[in-house]
Every structure is written in C-alpha cells, then in structure tokens.
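Visitor: Test case, fold it:
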Amino acid sequence: MKRIIILHGTPGVSLTRCAIKIKSSLSSLVSVEHEDLEEQIKTEYSFQSMRDAVWPVPREVIRWSIWPKAAHDSISRLLASSADIGLLTCHLTYYRGQTHEFYEPGDLMQVYASEWSKQPNAPTTPPPLLLVTLIDDVYDTFARLSAPREVFDIQSAISDEYRRREEKREEPTDADSQYVLAQQQVITTMLRILDWRSREISAGDSLAIRGDGRSFVVAIKHPTQVVRDLILSECGMTSTRFRPVYLSHPITRLRKEQKGPPARDWPDFVSQFHNFVRVATDTEVDDGKLLLFMPTAIDEFRITDRGDESFPSLHRRWPLISEDYNALLYEIPSAYGTYEEFEKTVLLEAIFNPVGSARHVDANRREVLTSYAENVAQVGARLSDEKKPQVSALFDILRQQISAQIAFRDHTLVRQCGRFLLYRPLFKEGIISGGVGAELKNWAGIASHSLEMVRKGEPVPWTWGPVVFVHDEQDTPKAIEEAKIITNVAARLPEFADSFDLTVRDNFEEWLRRAVLPGDDLLSGAPSPQEREAFTASARRFYQEERRNAEFNARTGGRGPKELRREIVVEGLDRMEDNRLTDLIKTRVIPALISSESF
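Guide: Here you go, the predicted model:
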C-alpha cells in the first residue's frame, strides 16, 4: 500500500536539495513520486520566491485560498501515482515578515483524508503518515536566511532599524555603537530562527498524531542513508529491520581539551567515535541493523566568552560524521574544500562581521552599509572594552535559548528512538555529564512505564528499549562516597538499632568497629557474641551488595529500571581494530540493545 511521507523543516535547511538526495537514494530500491507544495504555490501564482508569497500576503489569504489548493493538488497527484512512496516536501509553519508572526497555513491531515476518500475502492482509513522533520545548526540557517532578498535579509533589518532610530534622532554614529546595533538585529533574527525550528518540530509531531503515524527529527548533518533507511523501515519496504537508537557521547569535555589554550587538534577520541559509528552502522545481526541518531549532528553551544581571545566568535564545530560530504544530507558550497573553511569564510563573517555592522551616509544622502572590520578575526581587537559587555550580553541571551533547545531537541531524539546507547560516557572525568543525566532521566520515565505495561500484559504503543553503556576499561567512575553506602547499610539493619551504634561514618571498617555500644556485659546493654556475629555478617553482606549497586549506578547513571540498564566494559576500545569492533557490536552491543524485545 502506498505511503505518504511528509518531509518538512524550517526554511534554511535546503529542503529541496535534501529531498533530491533522499529521492535519489530511495529510487534504487523503491519507486518514488515527489511533490513540492511550495513550488506548486510559486508556479500557480507566479511568485519568484516563498518570501514574495508569505511576506506581503495576509495569512487569511494563504490559509483559505492559496495553500489549500496547492496542498490538495499535491496530495492528489501523489495518491494517483503508481509509485510505492509519495514524498511531499513542505513547511508546516510560515512566517509573515510584515507582522512578525508565525502560523500554520493549514491541516495536511484534513487534506490527506479528503483526497484519500476520493480514491476508488480505498479503505476507509488512509495509511499512517510518516513525518520527517529536517533541522540544521542555527548558524548555517542564519547564513542562508539572512542573505539579501531572503526571509531574514539582515541588511534590510539593519536599515529599517536605522530609519526607526533616525525618526527619534537616536541613530548611532560611532563605529562601536553601530556594531552593537547590527548585533542586536543578528541575535533577534537567530532567536526567531530557533523559535521557528521548535514550532516546526512541534507541528510535525502534532500532524503525526492526527495522521496516526510517527514523526522523526533528523539533523541534515546525518548521512542521507539514515533518512533512506528510516523511511524504508517505517514503511515496511525492506527485509532489514532497522532499530532507531540514540547514540550519545561526551562533548563538552572534548571541546575543552581541544580549544585549549593553546588550541589543539581534536583528541583521538573523535576519530575513534566516528569509526565506532561507521562500524556499528554497517553491522547486521539476524537481518537487523542499528539506525543511529547523534546529538552532534547539531552543534550550537559553542559561542566564545568575553574573556576568550577570539571573542566574539564560535569555537570549532564538532567534526562532521563523514569526511565524504556527498554522503550527508548537508552540503557545503563547492567553492570550499572543508566545513571549517566554509565556517571561517562564510558563517563567522555573516554572524560576527555582517554587511551592515558599519554604516555611513554619502554625499548624496544615500545609505552605505559595510562590514565593521576587514575580517571577523579583527573584530575583537577593534571593539572597545566599553562595548564588549553589551555584545557579550546579547550573545548570552542567544546562549540561554540554545541551551533550552538542546534539552528540547535531545529529549525528542531519546523519545523517538526509545533505545539509548552511550559511548564512553565516563571518558576523562569519571562521571556522567549533566546533559546525559537529563537524557537518562527522560529515558528512565519512558522505560519504567513501558516495563510496567508489559508486566500487566498491556501493549506498549511507543518505541522503547534498554540503555547500553559502552565503557573502555580505563574509564573508571570517580570514588564512590563511602558514607552513602554505609547509610544504606544502616537502613537495612533496623533490628540492631537498639544494641548497636549505627551512626554513619566515612569508613566501613571503622563504622563496623565502633558500632558496638559501650559496656562490658549483657546487663549494661552490650550485645551478646551471637548478636555481634549476626550483626557483622549481615553488615558485611549488605555492604558488598550496596557497594556493587553504587558502582553499577556510577557506571550506568543510576536512573531507570536496573534490568534495562546494560554495561559493556572493554579493554582497549580506543585502539580496537575493525574486525574486533565488528565482533563486539555483533555479539554484545546489538544483543544488549534488543534484549527488551523478549519481555
């Protein structure tokens, strides 16, 4: 039965180009018919761009006239096609620049149901919708959308702000104040982009619910293969069973090590992790493979601090998962050999040294917009100490919003996958980071409720599974707090409370020695030899159990059902050759990830 796939995302993710890559990848395996809803609107009404359509046209006209016709026509053609898959690209939320408002142009589920009902001999209920939401780093999105004639044309925004201030005779004339004005527009725009992205994700999730289907968020710096395999698996069009897995790993501690000072190359951990991903993606067990979603396909929390030598700028991005950029949905312009070159030449200039960050009026009273410095590397040296706190405060606002969206986005990835794989989470610091701890808390809630339903014999309607920790033997947890273990031991010995001093101490042997109350004989309250023997035996047994439990919790995050937390400790993971790594993934990692299927 034909399946309709809604491929959507905010403008700025190069949706059309991504759709072409996905269709090309799918077409070698299944037949695909593709429709672009916004292209239909542009063609039907002779708009040069969607900005021309959405910016000036009232939302009521879009909602009640322009959008419905394009949506019905597109869905109708997809359903009429003989292809296995109907791929519809569109945006679920629009932005009208004249009024600075976001809105949903219509309900695709209503359109889908209506067009489905017109199909001859069709079942009453249409097949479920599959929603794939494409996202990208806010910095890349900003660079695309802030260009001239784009939806967030930054030069126009800066010019408009000057006109507003000129009416009040408040326009800045010194270079540093002009730079601050420009950065206010840059930050405002990036905040709008972040808001738009979260709205688009939520809109996709809502549409999937109404369409009795599922939604997945995929950053376009993932390989195209991820979306291809996801679609084939969800549509039941492949003999291989792909299991979505959220793959997490240390990020901040690696960035600290890399950025110095002095700045260094990325630690070997990064290439080792990328190799683990490659091997894990290629490994198949009993016609099943892993479909890995990685948090670093988005890498935004890297704005430099005011005290950094490079301020204002960005720290280096986590390296892309593949050096073969053609394998990714993402694509850098052909003029740049590497992502780092593209970021330095284009992204950083667009954000921190945009055209419009300096301004003057020529002899003919015409506005002339230029950049603040010759290049972005010179901005920090030129910017006065008086203005740096103002610029830093602006980027603090952006940093806070990015932080909030990291939690929202990564929790979405945990939820859509159900299964959770952590690669060397104790690396360097011996503790699980706060961000991973929050993700584990989210997983724990899903896993606990799922397990409870299974035990009651109830079907679980969502995706769920275990969490698997892959540790290198050298990555050991920090010292366990002895006092906490002794507290738990004491709590398990209430029957001895009247005869023994259970006051918690920092050393078990010392606590055990001092536990006997003062006294020389039974009349003075001293415990009998039999009581001492029973107490000592119980205390030692409980201590060993509590220590093992504490160590297990330290290595597995301490959250969620213990029976769904798995740990794999490997010697030499950091130097493991591909054949041994394949064997590890095939015999231990994948079986551990799918073990909940036997519940």
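
Visitor: immediately after the biggest helix by length in the chain, which helix or strand?
Guide: Among the segments of the chain that qualify as a helix by DSSP state H, the longest is helix 175-210. Using DSSP states H and E, the helix or strand that follows helix 175-210 in sequence is strand 214-219.

Visitor: elements contacting that next one?
Guide: strand 130-135, helix 175-210, helix 224-234, helix 388-417 (3 or more C-beta pairs under 8 Å, 6 or more residues apart in numbering; DSSP states H and E). C-beta: built from backbone N, CA, C; applies to glycine.

Visitor: How far does it sit from its chain's centre?
Guide: Relative to its chain's centre, strand 214-219 lies at 10 Å (C-alpha atoms, centre = their mean, to the nearest Å).

Visitor: tell me the angle it makes with strand 130-135.
Guide: Relative orientation of strand 214-219 versus strand 130-135 (axes from the mean of the first three to the mean of the last three C-alpha atoms, to 10 degrees): 20 degrees.

Visitor: Need the residues that contact strand 214-219.
Guide: With contact meaning C-beta atoms under 8 Å, 6 or more residues apart in numbering, strand 214-219 is reached by 128, 130-136, 201, 204-205, 207-208, 226-227, 230, 234, 244, 293, 297-298, 329, 409, 412-413, 416.

Visitor: and it, which strands flank it?
Guide: strand 130-135 (parallel) (DSSP bridges).

Visitor: most packed of the helices and strands packed on strand 214-219?
Guide: strand 130-135 (a mean of 25; mean count of other C-beta atoms under 10 Å).

Visitor: what about it, average pLDDT?
Guide: Mean pLDDT, computed over strand 130-135, is 98.

Visitor: Ala444 against Arg559, yeah?
Guide: Yes - under the criterion of C-beta atoms under 8 Å, Ala444 makes contact with Arg559 at 4.1 Å.

Visitor: Pull out the buried positions in the lowest-mean-pLDDT helix or strand in the chain.
Guide: Lowest by mean pLDDT, DSSP states H and E among the helices and strands of the chain is helix 252-259, with a mean of 87. For helix 252-259, burial by neighbour count (16 or more other C-beta atoms under 10 Å) applies to Leu254, Arg255, Gln258, Lys259.

Visitor: Same check on stretch 77-89?
Guide: Applying 16+ other C-beta under 10 Å to stretch 77-89 flags Arg77, Leu78, Leu79, Ser81, Ala83, Asp84, Ile85, Gly86, Leu87, Leu88, Thr89 as buried.

Visitor: Name the residues that touch it?
Guide: 2-8, 15-16, 19, 22-23, 26, 30-38, 74-75, 108, 115-116, 119, 231, 235, 237.

Visitor: Quick check on the residues you listed: which are buried?
Guide: Using 16+ other C-beta under 10 Å as the threshold, 2-8, 15, 19, 22-23, 26, 30, 32-38, 74-75, 108, 115-116, 231, 235 are the buried ones among these.

Visitor: Which ones among those residues map onto strands?
Guide: In this view, those that belong to strands under DSSP state E are Arg3, Ile4, Ile5, Ile6, Leu7, His8, Val32, Glu33, His34, Glu35, Asp36.

Visitor: Give the bridge partners for the residue nearest to the fourth one when sequence neighbours are not counted, please.
Guide: In this case it means Ile6. Ranked by C-beta to C-beta, 6 or more residues apart in numbering and with sequence neighbours excluded, the top spatial neighbour of Ile6 is Leu131, at 4.9 Å. Taking DSSP bridges as the rule, Leu131 bridges to Ile6, Ser215.

Visitor: right, and Leu131 touches Ile209 too?
Guide: No - if you go by C-beta under 8 Å, Leu131 and Ile209 don't touch, sitting 9.6 Å apart.

Visitor: Dump the buried residues of helix 252-259 into JSON lines; add distance to Trp511 as well.
Guide: Shown next, in JSON lines, are the buried residues of helix 252-259 (distance: C-beta to C-beta, whole Å):
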{"residue": "Leu254", "distance to Trp511": "40"}
{"residue": "Arg255", "distance to Trp511": "42"}
{"residue": "Gln258", "distance to Trp511": "44"}
{"residue": "Lys259", "distance to Trp511": "44"}
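
Visitor: where does the nearest residue in space to Ala113 that is not next to it in sequence land on pLDDT?
Guide: Nearest residue to Ala113, sequence neighbours excluded (C-beta to C-beta, 6+ apart): Pro126, at 6.2 Å. Model confidence at Pro126, expressed as pLDDT, equals 94.

Visitor: Pro126: what's it in contact with?
Guide: Ile4, Tyr112, Ala113, Trp116.

Visitor: again, 7 Å this time
Guide: By C-beta atoms under 7 Å, 6 or more residues apart in numbering, the contact list for Pro126 reads Tyr112, Ala113, Trp116.

Visitor: what about it, is that helix, strand or coil?
Guide: coil (DSSP: H, G, I helix; E, B strand; the rest coil).

Visitor: where does this protein dip in pLDDT?
Guide: By pLDDT under 70, the low-scoring segments of the chain are 1, 517-525, 596-599.

Visitor: give me the element the residue nearest to Phe496 when sequence neighbours are not counted is part of.
Guide: Once flanking residues are discounted, Phe496 sits nearest to Phe535: 5.1 Å by C-beta to C-beta, 6+ apart. Taking DSSP H and E as the criterion, Phe535 maps to helix 529-556.
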